[in-house]
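**Student:** Provided below are the primary sequence and the corresponding predicted coordinates.
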Amino acid sequence: MIYNFYVFGRGRKLLCREEWNRTRPCRDVAEESKYVSGLLITLKSFAQQLGPPKTQAFLAYATPQYKLHSFETISGYRFVITTDPSVPDQQECLRQIYEMFVEQVIKNPLYQLGDALEDCTVFRSKLHSFLMTRPFFASPFALLGFIVVAVAVLGISSITSVQPTEIALSYNWILSTVSDEVIATPGLKFIGPFNRLIRYPKTIQTLEYDETQRDLLDGRTADGLPLILGLSFQYRLMADSLPKLYFTYENQIGDYERIYKLTGMHMITELATKFTAYQFFNEKQKIAEVMRDSLNEYFSKHLFATVESLQITEDDLPDAFTRTILTAATSKQNITRMSKTLEAKKVEFQTATQIAEAQANVTIQKAIGDQHRIMQNGKADAAIIEAYVEAELTAYGKIHKALGLSGEELVNYIWYDTLGGGSVSADAASDKDFEMLVGVNPSAYISQN
């Protein structure tokens, strides 16, 4: 049976410890690890002193209760397994674990040398899988029970569910392989034993560069002014390209998000240099569209995602520039307002001129009409007067011939006739009797009702 596994780094620092099949659990891990690391150093020194020349270290030692197997690398890492005394030499097993350690830990760019391995989940998972498949991992009875439990667990763990907001890849933790098939439909899924799902979001996700995250972008405009830029953009993973995303960027699950953020930071600060400070002040929406198009083109081609939208939430320019722009904008508004006022006055003056011209035309037409009316009335009156005079001339001419009146006598007759209501203009319907006195002024007459 296997009891314990240890990884010690340089300086006796414990990097990893695992425990199985112990009848008595460890009460103080730090104290136990210190004893084991001290024992390794003591036994190495003892072997070098008592062993043949060029002895570098010891491989194992056994007691009636347990056996300790040790594998030391040139770089100073020590890999240790404690087992029951009947387990054979484990140098090859420890060497394979070391190779696994190099691939999953040392070559991981996110791992800092000397750190503990709690966050190296891939290495720890593979270590568990590797040791649990060793034939000496547990006692026969324990192994049988383990097999029964393992079969039950594997049967249950072979079925899982996918949420409507998820897409996933199937990962086999025995073979360390990932299926090329993307699971995109929600519901219960049979993924088989020794498999688990690596889940990714199916919905639109948001990356933000803002004050709360302390990652505002520090750049410059095309005219060299300093610019503090805050923004966010929304992206969606391309489901068909999910295997490519995993194999290209996922050393640890979720590494793609960090790559997305770093790539976005680099591209956005680079794109900001193509626009002037004035454009950032007045054309933020247009700049956001250009940035979104550029990010979408690059993400679709290289990062297996589409950028759906982008918003500029903050653009801090130097105060002097901002004040100047505000002053210029105010002046521009005043100019625009005065221009519109001038245009309005022009329209008002044109309207007044048209009204005056229309009123003048009406006055002229009315005067012309009055002129024609007066002329017609005058002509009509002249024609009537001319007809009256012509008629009286004709009538008095007949009187002259019939009565032989002439000169003053004829004038007096006309006078008396006029006073008596005669002449051409007399009213024929009126019946007036009057008397005249001979020798009396013709203007004196007596009427009788």
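**Tutor:** In hand now; what should we look at? Numbering: from 1, shown residues only.

**Student:** Isn't residue 181 up against residue 167?
**Tutor:** No - assessed by Cβ atoms under 8 Å, residue 181 is found out of contact with residue 167, at 11.1 Å. Every residue, glycine included, has its C-beta placed from N, CA and C.

**Student:** of those two, who's got more company?
**Tutor:** Remark: of residue 181 and residue 167, residue 167 carries more neighbours, 23 against 11, as counted by other Cβ atoms under 10 Å.

**Student:** Next up, the contacts around the more buried one.
**Tutor:** Counting by Cβ atoms under 8 Å, 6 or more residues apart in numbering, residue 167 makes contact with 182-184, 199-202, 237, 239, 242.

**Student:** hmm, 10 Å instead?
**Tutor:** Residue 167 makes contact with 182-186, 197-203, 237-240, 242 under the criterion Cβ atoms under 10 Å, 6 or more residues apart in numbering.

**Student:** now residue 410
**Tutor:** Under the criterion of Cβ under 10 Å, 6+ apart, the contact list for residue 410 reads 396-397, 399-400, 403-404.

**Student:** how about 7 Å then?
**Tutor:** Residues in contact with residue 410, defined by Cβ atoms under 7 Å, 6 or more residues apart in numbering, are residue 400.

**Student:** In three-state terms, label it for me.
**Tutor:** Three-state call for residue 410 (DSSP: H, G, I helix; E, B strand; the rest coil): helix.

**Student:** Surely residue 308 touches residue 237?
**Tutor:** No - taking contacts as Cβ atoms under 7 Å, residue 308 lies outside contact range of residue 237: 11.4 Å.

**Student:** who's more crowded, the two?
**Tutor:** Neighbour totals were compared for residue 308 and residue 237, and residue 237 leads with 22 against 14 (other Cβ under 10 Å).

**Student:** So what sits opposite that one in the bridge?
**Tutor:** When bridges are called by DSSP bridges, residue 237 pairs up with residue 305.

**Student:** on that earlier part again, among the contacts of residue 167, which ones are buried?
**Tutor:** Burial of these was assessed by neighbour count (16 or more other Cβ atoms under 10 Å); the buried members are 182-183, 197-200, 202, 237-238, 242.

**Student:** Which residue, neighbours along the chain excluded, lies closest to residue 33?
**Tutor:** residue 14 (4.3 Å; Cβ to Cβ, 6 or more residues apart in numbering).

**Student:** What residues does the one you found make contact with?
**Tutor:** Contacts here follow Cβ under 7 Å, 6+ apart; on that basis residue 14 touches 6, 8, 33.

**Student:** Which one of those residues is nearest to residue 267?
**Tutor:** Within the contacts of residue 14, the smallest distance to residue 267 is 43.8 Å, found for residue 8 (Cβ to Cβ).

**Student:** Surely the closest one touches residue 75?
**Tutor:** No - if you go by Cβ under 7 Å, residue 8 and residue 75 don't touch, sitting 11.9 Å apart.

**Student:** So which residues make contact with stretch 118-135?
**Tutor:** 2, 5, 93, 97, 100-101, 104-105, 111, 117, 137, 173-174, 176.

**Student:** Check which helices and strands the longest helix belonging to the chain sits against.
**Tutor:** Counting residues, the longest helix in the chain under DSSP state H turns out to be helix 319-403. Counting contacts by 3 or more Cβ pairs under 7 Å, 6 or more residues apart in numbering; DSSP states H and E, the secondary-structure elements packed against helix 319-403 are helix 277-282, helix 408-419.

**Student:** quick revisit: please name the bridge partners of the residue nearest to residue 33.
**Tutor:** Taking DSSP bridges as the rule, residue 14 bridges to residue 8.

**Student:** quick one: it and residue 8, what's the gap?
**Tutor:** As for residue 14, its distance to residue 8 is 6 Å (criterion: Cβ to Cβ, to the nearest Å).

**Student:** Which strand or helix spans residue 4?
**Tutor:** Of the helices and strands defined by DSSP states H and E, residue 4 is found in strand 2-8.

**Student:** Apologies, that question was intended for residue 126.
**Tutor:** Element membership of residue 126 [criterion: DSSP H and E] is helix 121-132.

**Student:** tilt between that helix and strand 2-8?
**Tutor:** Here helix 121-132 points in a direction 140 degrees away from that of strand 2-8 (axes from the mean of the first three to the mean of the last three Cα atoms, to 10 degrees).

**Student:** Would you mark the buried spots in helix 121-132?
**Tutor:** 122-124, 126-127, 131.

**Student:** Tell me the one of those nearest residue 248?
**Tutor:** Using Cβ to Cβ as the measure, the one of the buried residues of helix 121-132 that approaches residue 248 most closely is residue 122, at 16.5 Å.

**Student:** Low-confidence bits of the stretch 301-449 of the chain, can you list those?
**Tutor:** Confidence mapping of the stretch 301-449 of the chain against pLDDT under 70 gives the ranges 420-449.

**Student:** okay, now residue 97: neighbour count?
**Tutor:** By other Cβ under 10 Å, neighbour count at residue 97 equals 21.

**Student:** show me where the stretch 51-200 of the chain has helices.
**Tutor:** All helices of the stretch 51-200 of the chain, identified by DSSP state H, counting those that start in this stretch, fall at 91-101, 121-132, 140-157.

**Student:** Out of those helices, which gets the lowest mean score?
**Tutor:** Lowest mean pLDDT within those: helix 140-157, at a mean of 62.

**Student:** and residue 53, how many residues sit next to it?
**Tutor:** Neighbouring residues of residue 53 were enumerated by other Cβ under 10 Å; the total is 5.

**Student:** and it, what are its phi and psi?
**Tutor:** With angles defined as degrees, to the nearest 10, residue 53 shows backbone torsions of phi -60, psi 150.
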